[in-house]
Each structure stands twice: as structure tokens, then as C-alpha cells.
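Student: Can you look at this prediction? I've put the sequence above it.
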Amino acid sequence: MEDKKNKFGTFGGVFTPCTLTILGVIMFLRFGQVIGNSGILHGLLIILMAKAITTLTTLSLAAIATNTRVKGGGAYYIISRSLGVEFGGAIGLVFFFSQAISVALYIIGFTEALSSRYAQVADNFLLTASLVNFVVFVCIYIGAAWTIKIQYFILAVLGASILSFVIGGVQNFDQNLMYSNFWPQYSESHNIWTMFALFFPAATGIMAGANMSGDLATPAHSIPKGTLLSILATAIVYTVFAIILGSCSDREALLGNSMIVSNISFYSPLIIAGIYAATISSALGSMMGAPRILQAMARDRFFPILNFFIPGSKRTGEPRRATILTFFIAQAGIFIGDLNHIAPIITMFFMITYGALNFAAFQEHISGNPSYRPTFKVKHWSISLAGALLCVGTMLLIDAVWAIVAIITMIAIYHYLAKKEIESNWGDVKSGAALERVRRNLLMLEMEKYHPKNWRPAILAFEMHREQDLEALTLARGLTGKNGLFLLGQVITTEAEDALEKHGRALRMLRKKIADNALDAFPAVTIADNTEQGILSLIQCCGIGALKPNLIIFNWPQNEDEKKEVTNSIRNAISLGKSIALLKISSESQNKPVLSNGTIDVWWLGQSNGTLMLLLAHLLKSNIDWRQRKIRLIRAIKDPAGKENTENYLSELTSAARINAEITVFISDDFSQCLQRESTNACLSILGLPDPTLNPENTLEKLEEITANIPRVLFVYSNGDMSIEV
């Protein structure tokens, strides 16, 4: 049982750090500039947009937080457990960096306030900011507990400074100034979006509580409640500030005096104290949250370079190594030295994090997983989708170039992690979302009227445990092209008492064979009294709804018993409306390369099977190993007078089908002799398969005779459900 005695509650662990981070440096030192450019009207609109994004994000956060046990790592932990390690890793790095840079933002704000009162600080701005950064680092390095406790005092100071500003605003209220400052009046190179970018870091404190998730007694309860209360309280404060600033000072002062809040207040020392308190507490909060994100990522062990940051302090597990790195990143930010430059960077990082968090909640909603049972009552996929779209849209409006750079960076990290094929030990939403998409698409497919234009191969082949089995399966897989479906079936004939054990073992071995040979197939194993019955079961039962095998591939039988089984199985498959392919690979070709320098020869005997034969040749050629092979569409006729007409017909056929093939017409009285002469060195020869239900006598013997010296032959029977001229 986890000890909750030393962990924090809603007020201390979530509401207080969120509020102190939101009511910080931007409110005291840059909000006057925002109102000076935007006017009261656009200023309130900026507040509304920022709060809309953070509220929607918090609702998404609340839904996920009340559906799972939230541990250390805040937004990273939540996103990685929902969208997977790849998405979580990409977001985690960005979020850690944004939190670390935020430290610099708050420390620069503190130093700027200090330098307005002490000239010697202004002369040594960089040194002072660096010393403050070091002091903040030491405070966090010692431990988080006392930092949380001191924030109660800081909150009280902040409350007193806000009260002082409100009293001063009431005393200095000027109706004429309010009318004058009501409408926007943007200075050169500024607009509502640049002001939004400057202001938005003031709204990013909503993650301050979530970042402490590992230190909360009941994160699922505290994170939603504390964060939403903080958003509401700070929205009221910012609305009051916007109205007072616009009603108590002219635009010149709003734009040029970063300490305008102090000038308006009833007792200016309280404002100075509030600035010091808010900026330092925000710096402490970010210095405290960022290392916990990095440590949580390191403990998931998908970036080996981060393993150094796994250990915590012996007594409390504080992420001290990560805290040191955060200090150096913050110091790099301090060297930039300008709030106006740092704020938009932080805005972009936070926007992409919030967008991902909303997308994670959206995915959880639409996945339909029974495991998604959040106790938070305000939950709907539209809320999360709106939050995600707002974040992406706002990023593009603020700065399209940097938005695209940020998104591309995220995608690059995602693909790096995806390439590593990291196996996580937690279940994410990807499989559930994929299953839901499949379910909906299958239902839609079931409702759609079939059209030959939409035919694509759904192949069922059988593993036969023969020497040429792998070559046959690889070739069969190639016939699906890039977008077909390949099912690999196996029939087990066994006694009833050990059937389940053999079934499980066979399925595992079949999956291994598929993975080892990159067959991209779906395994299917069945138990039957005999092979013929098992094949019939697989043909009938494989697939779901409209997504069933439409082409059954058999290997050439080796003996009389197998000939009988294959012939009967072909008849059964044809009676069930399936197309058939029978693959014959001669034993002599085993010592030759699987793919020679030959052609793909399609021997045309008529439209009934020829259409499918030509399409399968085209699909096979779409594979990288077959791409350089030429398709030859061959017809053997007896009458020389019909050669030109035959060539024209086949040429028109390939043109209408949009398939590139060389047309060849031979004059021959003996088809078998012509076949033996022309296709002995072909990669693959494709011939029509006579319907064994109409001509059952010695069908296989006759086919074997005419193709005796051909290394690889594919006999094709089409049930006529596709067309190449659409």
C-alpha cells in the first residue's frame, strides 16, 4: 500500500502551484503591453481564447486522469499511457524543454522587476539573473516538500498585491480612458496573434499540478478539481486587470512602462512584493516540475541516453540529476535575456503539448474501449477534438513557420521511436482505436453495394511443410500487391485430447514463420478429422463480414492422395464462389534463384480467366523484387490470318486495363509445344485453370504434362467478380 501521509492534496498540490504560475510574470510585467496594443475588447478576447484552450485541455486531462492511476510525469505520463510510447516520448521531450525554458522566463521577469528599483541590478542584469537561477536550483535540489509549503505564504502575498491593485484601480478609474482604450490600436508588426503569443504563457500554469502527479495523495481527484478552480479564479483576476489597466492609464504608459501595475496600485510596495513572489514561485514550480517529467521518461527506458536520470535521492526519490540539467537549460534561456523573445517560444511548445493531450483524450473516447470509464462527468469526444483543433489552429495563426517546424520536430521524434519498435509494458489506446476503425469500416463495407472496380485480392494460402513451401508462400504473398490481404492457413489433424495444445503450438509457430519471413499475413489454424475437411472449414470461416478470402491458393499436390484432396477442395471452393490459383513449382527450380531474369508470361486463352490472370501479373509486378520483370501477354493461335486481329484485341485490352504488357501472338498447332519453347526461362507462367466441376477427369495430370519443363506455373480460375476495364 502506497504511503500517502507525506503527499499533497488538492489545494497545496494543484490549486496553489497552478494559480501561482498563471498569476505571474506576464500579468505584472507584460499585461500592460498586451492591453496597450489590443485594447480592452481584444484583451478580453485574448483572455477568453486562452482560457477556452486551457479549459478544454483541462477537461481532457480530467477525463484521462480519472480513468487511470496517474503516476509521476504529469502530461507525459498521461499521453504516453494513452497514445503510446512514441507519441508520449515526443511530447515528453518537448514538454520538459518548455518547462525548463519557463524557469528562465520567470527569473528574467523577477530580475527585470528588481532592476526597475535598483540601478546596480540593471547594470549587472545577466549576473543577477544567473544568481537567482542558482538559488532557485538549490532550493529545489534540497527537496520539493518545503517549496510546496512556502507557496502558501507566496499565495497570501500575491492575494494582497492583487487587492492593492484593485483598490488603486477603483480610485484611479477614468471613464474617458476606458472609452479611449476600448478598441485595439496595434503598433507596427503586432496584431492580435502576436499579443496572444506574448500573453499565453500566463495561461500555461494548468500543468503545474499535473506535473506533481507523483507527489499527490489522490491525483485523479486533485488534478481536475484543483486545475479547474485555478482556471476560474485566474480568469476573474485577468478580466479585472484588463479592465483596470485600460481604465487607469493611457496607451503610451501601457506600452512603455513595464511597471504600470505598480503605478496604478494603492500601495506599490505590495505590487513589488507580489511580482517577486509570483515570479520566484513560478520559477520554483517549473524547476520542480520539469525534472519529474524527465525522470518519468527515463524510467520508461526508451531513450537509452536518458538512463542517467533514472535514480532519485535516497530518502524521497527527488530527481536531482534531472534538476541539474534543468538548471543548465534555464541558464541558456537566461542568456537570451528577453521576455518578448522567450514567451512566443514557450507558447508554441505548450500549444503542441496541449494539442497532443486533447488528441489523446479524443482517441480514448472514440476507441470504444470498455476500459475507458472516466469518473469525471464532463466528457465527450467533441470537447477533446475542439481543444486539439484550437491548439493547432492557434499555432498556425501565431506563426505558421514555427508551428510547422514544431510539428515536423514532433513527427521526427515520433518516427525515431517508432523505428526502434519499443515494447511498452502498458496498454495504450492505439489497438483499441484501430479496432474501432476496423469495426466501423467493416460495417460500412457490409452496407456497400459491391462493384468490380473495388476488387482487391484477399488471398488464403496453406502452409504445407515442404521444401519449396517458403518460396510458394512468398510468391503467393506477392500476388496481394501493396494493398491486398494475405491469410496463411494450416490444418491440423489430431486426436481430440491434445487438440488444444497442438493448436496453440501451431499458431505460435505460424506467427513466428510469418514474422521471420516478413510475410505480412494473418495466421489461421483449424483442427479437423482430415485435411480436406479442414481446408473447407478455413475457406468458409476465415474473415469477417464482407472481408473474406476471394482467392484461394493451393500448392501442387505431391501424390495421389493429395491430388484427390486438392481436386475436391478446388471444387468446394468454386461452389462457394471463390476464385482459385494452383501454384506449381518444379523440384528442379529449387537450386535456382527464386527470381531469374525472365519474364512474367500470361498465356491468354479467353476473357473468363484471363482478366484475373493479367491483374495478378500486374499486382505481382508492383512488388519491389518483381518490379523490373516484364509482363508478356501471350496468345497461341492456329490461323495466321487471325494474328493481326488478335494483337489488336490484346493491345486494346491492356490499354483499357491500363496495364503495361508486351503483346506476343504465336502461330502454333501445338499449345503445349509452344508453351515449353517460350516459357522455360520465365520467372512465372500464368495459365487458365479448367473448371474441375465441368471436366473432372485427369485434369491435374493433363496440366502437369503440358507444363513439365516450366519451373513456376500459376494456374488461375476466376469466378468473374472482378474486371480490369474499370
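Tutor: Arrived safely.
Student: Only C-alpha atoms from now on, for both contacts and neighbour counts.
Tutor: Will do.
Student: Who's the closest spatial neighbour of T664, skipping the chain neighbours?
Tutor: I634 (4.8 Å; Cα to Cα, 6 or more residues apart in numbering).
Student: Dig out what the one you found forms beta bridges with.
Tutor: Legend: beta-bridge partners of I634 under DSSP bridges are W603, T664.
Student: what pLDDT does it get?
Tutor: Looking at I634, its pLDDT is 93.
Student: who are the neighbours in contact with S313?
Tutor: By Cα atoms under 8 Å, 6 or more residues apart in numbering, S313 lies in contact with P319, R320.
Student: any idea how far it is from F302?
Tutor: Distance from S313 to F302, counting by Cα to Cα, to the nearest Å: 22 Å.
Student: What residues of the longest helix along the chain count as buried?
Tutor: If you go by DSSP state H, the chain has its longest helix at helix 31-65. Buried residues in helix 31-65, counted by 16 or more other Cα atoms under 10 Å: 31-47, 49-65.
Student: same deal with stretch 669-685?
Tutor: Of the residues in stretch 669-685, those buried (16+ other Cα under 10 Å) are F671, L675, S679, T680, N681, A682, C683, L684, S685.
Student: Find the residue ranges of the stretch 451-600 of the chain scoring beneath the pLDDT cut-off.
Tutor: 451, 453, 465-468, 496, 588-597 (pLDDT under 70).
Student: Tell me where the protein has strands.
Tutor: 458-462, 485-492, 522-527, 551-555, 579-585, 600-603, 631-637, 662-667, 684-688, 712-717 (DSSP state E).
Student: who are the neighbours of the longest one, in terms of helices and strands?
Tutor: Counting contacts by 3 or more Cα pairs under 8 Å, 6 or more residues apart in numbering; DSSP states H and E, strand 485-492 is packed against strand 458-462, strand 522-527, helix 531-541.
Student: what angle sits between that strand and strand 458-462?
Tutor: Orientation check (axes from the mean of the first three to the mean of the last three Cα atoms, to 10 degrees): strand 485-492 against strand 458-462 gives 30 degrees.
Student: Let the chain start at 37 from now.
Tutor: From this message on, residue numbering opens at 37, which makes the last subject strand 521-528.
Student: nearest residue to the residue most central in space within the chain other than its sequence neighbours?
Tutor: In the chain, the centroid-proximal residue (Cα atoms, centre = their mean) is F123; its distance is 5.9 Å. Distance criterion Cα to Cα, 6+ apart; nearest residue to F123, sequence neighbours excluded, is Y450 at 5.8 Å.
Student: residue contacts, the one you found?
Tutor: Applying Cα under 8 Å, 6+ apart to Y450 gives the contacts E122, F123, G125, A126.
Student: okay if I get the residues you listed as a markdown table plus distance to T57?
Tutor: Below are the contacts of Y450 laid out as a markdown table (distance: Cα to Cα, whole Å):
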| residue | distance to T57 |
| --- | --- |
| E122 | 29 |
| F123 | 26 |
| G125 | 25 |
| A126 | 24 |
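Student: Out of these, which comes closest to L509?
Tutor: L509 lies nearest to E122 out of the contacts of Y450, by Cα to Cα, at 32.7 Å.
Student: Need the per-residue pLDDT for that closest one.
Tutor: 76.
Student: That one contacts A454, correct?
Tutor: Yes - counting by Cα atoms under 8 Å, E122 does reach A454; the two are 5.8 Å apart.
Student: quick one: which of the two has more around it?
Tutor: Using other Cα atoms under 10 Å as the criterion, E122 and A454 rank with E122 on top: 25 against 15.
Student: Report the contact partners of the more buried one.
Tutor: Here E122 is in contact with S116, I449, Y450, H451, L453, A454 (Cα under 8 Å, 6+ apart).
Student: Show me which of those residues is closest to A253.
Tutor: Distances from A253 to the contacts of E122, taken by Cα to Cα, are shortest for S116, at 21.6 Å.
Student: Hmm, that closest one is touching I100, no?
Tutor: No - counting by Cα under 8 Å, S116 sits too far from I100 to count as a contact (11.5 Å).
Student: Buried residues, stretch 357-371. List them.
Tutor: Quick answer for stretch 357-371 (16+ other Cα under 10 Å): 357-367, 369-370.
Student: What about the residues you listed, which are in helices?
Tutor: Reading helices off the buried residues of stretch 357-371 with DSSP H, I get 357-367, 369-370.
Student: now those residues in CSV, with pLDDT and distance to D637?
Tutor: Formatted as CSV, these follow (pLDDT from 0 to 100; distance: Cα to Cα, whole Å):
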residue, pLDDT, distance to D637
R357, 91, 66
A358, 92, 64
T359, 92, 68
I360, 93, 68
L361, 94, 65
T362, 94, 66
F363, 95, 69
F364, 95, 67
I365, 94, 65
A366, 94, 68
Q367, 94, 70
G369, 89, 67
I370, 91, 71
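Student: lowest-confidence helix or strand of the protein?
Tutor: helix 466-483 (a mean of 69; mean pLDDT, DSSP states H and E).
Student: hang on, the earlier thing: wait, what's in contact with the residue nearest to T700?
Tutor: Here I670 is in contact with D637, V638, W639, W640, I699, T700, V701, F702 (Cα under 8 Å, 6+ apart).
Student: Kindly recompute the last result at 7 Å.
Tutor: Shown in contact with I670 (Cα atoms under 7 Å, 6 or more residues apart in numbering): D637, V638, W639, W640, I699, T700, V701.
Student: Please work out how many residues are found near the residue lying closest to G262 once chain neighbours are set aside.
Tutor: Among residues not flanking G262 along the chain, F51 sits closest, at 4.5 Å (Cα to Cα, 6+ apart). When neighbours are defined as other Cα under 10 Å, F51 has 26 of them.
Student: these two touch, right, F51 and T263?
Tutor: Yes - between F51 and T263 a contact is recorded at 5.9 Å, counting by Cα atoms under 7 Å.
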